[in-house]
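Visitor: no sequence for this one, just the structure:
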Ligand code: UDP
């Protein structure tokens with residue numbers, strides 16, 4: 001039986017497809033290529049260009065293939081945009097989940113691994129954050145992910161669809177061979193934006209806020225390597241196969257790095273200074289987001305391998321150097 005990866009042409013989806021194939025799984029990708037890249041699709045994989053809001057298209061995939069489980073990465077992700085365009089996010093993310101779950105239940109597919117986010121927590125009361133901490137998203141993106149988690153929970157109770165929701169902290173890095181990596185348009189994430197400076201694509205990096213209640217005044221985040229995130233999905237699949245109980249898990253290293261520390265680490269990796277400027281805070285940014293990843297380690301038997309932020313940045317630097325225009329031809 002195969003694993004259907006919705007959003008398999010995207011950043012985390014494409015890395016997970018690769019891990020699945022390496023683990024000997026049969027994989028099928030569904031992606032509407034709205035933000036994903038055709039060039040990120042593994043050529044060994046059967047690909048359906050389809051939107052998850054298209055139930056007929058999903059049911060066709062379920063009819064033509066024996067699908068054991070769905071990995072669901074297909075969603076909009078940019079928190080800032082979600083504040084301006086909440087309905088765009090509720091349509092693709094929440095309504096998309098509705099249709100996907102309808103198609104799954106109508107076709108008897110009963111396992112889902114869902115890409116959730118640290119954004120479900122909003123402003124944390126304490127760090128490291130654990131899975132029982134309060135969930136109060138501060139933007140429509142986080143709200144959409146929380147609603148999606150809740151939808152799956154209710155469908156689990158009623159129809160028995162089993163799930164693992166994986167709450168990612170800051171996904172970063174790229175495959176070690178540099179063949180797949182991060183390529184968002186527009187790019188909003190810290191590490192690729194920092195690396196655009198030495199690549200000559202940007203004059204400087206702006207630090208969003210230097211007056212946070214942190215040791216150096218800049219925001220602290222938990223940067224987790226994309227290959228480690230991908231691995232967690234395989235662990236989650238095997239956990240469900242082994243009869244594990246449906247649940248949500250944080251995916252992070254448990255270590256926080258400030259924006260300034262990330263810039264310093266990037267300078268070490270590339271061996272040059274990176275021009276920076278100090279700007280105002282970005283709306284909705286919590287001062288500190290650090291995961292407790294203990295539950296995933298214990299219950300899913302997940303072991304992240306990238307424990308060093310310089311190594312993470314080095315894989316991103318390798319990818320961006322090899323593909324200065326991302327997946328577009330130069
Ligand atoms: N950030 C920054 N300058 C940028 C982009 C991001 O200072 O040009 C900061 C941002 O305010 C946050 C951290 O870097 O504190 C990580 O932001 P990113 O957008 O990568 O991930 P998020 O934590 O928002 O998911």
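Guide: Happy to help now that I have it. All of these numbers come straight from a predicted model, not from anything done at the bench.
Visitor: nearest residue to residue 15 other than its sequence neighbours?
Guide: Sequence neighbours aside, residue 230 is the residue nearest to residue 15 in space, at 4.3 Å (criterion: Cβ to Cβ, 6 or more residues apart in numbering). Every residue, glycine included, has its C-beta placed from N, CA and C.
Visitor: dump the residue contacts of the one you found.
Guide: 12, 15-16, 18-19 (Cβ atoms under 8 Å, 6 or more residues apart in numbering).
Visitor: switch the cut-off to 10 Å
Guide: For residue 230, the contacting residues are 12-20, 22, 71, 171, 175, by Cβ atoms under 10 Å, 6 or more residues apart in numbering.
Visitor: tell me which two of those sit farthest apart.
Guide: 22 and 171 (19.0 Å; Cβ to Cβ).
Visitor: ok, these two, which is more surrounded?
Guide: The residue with more neighbours, out of residue 22 and residue 171, is residue 171; 22 against 10, by other Cβ atoms under 10 Å.
Visitor: can I assume the more buried one sits in a strand?
Guide: Yes - under DSSP: H, G, I helix; E, B strand; the rest coil, residue 171 falls within a strand.
Visitor: can you pull the contacts of it?
Guide: So, once contact is read as Cβ under 10 Å, 6+ apart, residue 171 ends up touching 11-12, 15, 77, 115, 117, 182, 189, 191, 223-226, 228-230, 251.
Visitor: among those residues, which lie within strands?
Guide: Per DSSP state E, strands hold the following members of the contacts of residue 171: 115, 117, 223-225, 251.
Visitor: list of residues touching the lowest-mean-pLDDT helix or strand in the chain?
Guide: Least confident helix or strand of the chain, by mean pLDDT, DSSP states H and E, is helix 79-84 with a mean of 92. The contact list for helix 79-84 (Cβ under 10 Å, 6+ apart) reads 76, 78, 88-90, 93, 117, 119, 137-144, 186, 188, 282-285.
Visitor: separation between residue 201 and the ligand?
Guide: Going from residue 201 to the ligand by Cβ to the nearest ligand atom, to the nearest Å gives 13 Å.
Visitor: let's verify that residue: helix, strand, or coil?
Guide: coil.
Visitor: residues from the stretch 1-150 of the chain in reach of the ligand?
Guide: With the criterion set to Cβ under 6 Å from any ligand atom, the stretch 1-150 of the chain comes near the ligand through residue 79.
Visitor: okay, now the residue of the stretch 1-150 of the chain found nearest the ligand: neighbour count?
Guide: Closest residue of the stretch 1-150 of the chain to the ligand, Cβ to the nearest ligand atom: residue 79 (5.9 Å). Residue 79 is flanked by 21 other residues according to other Cβ under 10 Å.
Visitor: then residue 268?
Guide: Residue 268: 12 neighbours (other Cβ under 10 Å).
Visitor: all strands of the stretch 151-300 of the chain, in order?
Guide: Using DSSP state E, counting those that start in this stretch, the strands of the stretch 151-300 of the chain run over residues 162-168, 170-172, 205-208, 220-221, 223-225, 247-251, 257-258, 276-279, 288-289.
Visitor: make CSV from the ones you listed and add mean pLDDT and distance to residue 240 to it.
Guide: Compiled in CSV, those are given as follows (pLDDT from 0 to 100; distance: least, Cβ to Cβ, whole Å):
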stretch, mean pLDDT, distance to residue 240
strand 162-168, 98, 5
strand 170-172, 98, 22
strand 205-208, 98, 38
strand 220-221, 97, 29
strand 223-225, 98, 21
strand 247-251, 98, 10
strand 257-258, 98, 32
strand 276-279, 98, 44
strand 288-289, 96, 27
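Visitor: quick one: pLDDT of residue 330?
Guide: The model reports residue 330 with a pLDDT of 49.
Visitor: again with residue 108
Guide: On the pLDDT scale, residue 108 gets 98.
Visitor: so residue 220 makes contact with residue 290?
Guide: Yes - when contacts are counted by Cβ atoms under 10 Å, residue 220 is listed as touching residue 290 (6.7 Å).
Visitor: before we move on, back to that, just the buried ones from the contacts of residue 230?
Guide: Buried members of the contacts of residue 230, scored by 16 or more other Cβ atoms under 10 Å, are 12-20, 71, 171, 175.
Visitor: in TSV: the residues you listed, plus distance to residue 312.
Guide: TSV is the format used below for those (distance: Cβ to Cβ, whole Å):
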residue	distance to residue 312
12	14
13	19
14	17
15	13
16	17
17	20
18	17
19	17
20	22
71	22
171	10
175	12
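Visitor: about what we covered before: what's the closest of the contacts of residue 230 to residue 304?
Guide: Using Cβ to Cβ, the contacts of residue 230 come closest to residue 304 at residue 171, 12.0 Å.
Visitor: would TSV of the strands of the stretch 151-300 of the chain with distance to the ligand be doable?
Guide: Converted to TSV, the strands of the stretch 151-300 of the chain look like this (distance: least, Cβ to the nearest ligand atom, whole Å):
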stretch	distance to the ligand
strand 162-168	9
strand 170-172	5
strand 205-208	4
strand 220-221	5
strand 223-225	9
strand 247-251	13
strand 257-258	8
strand 276-279	7
strand 288-289	6
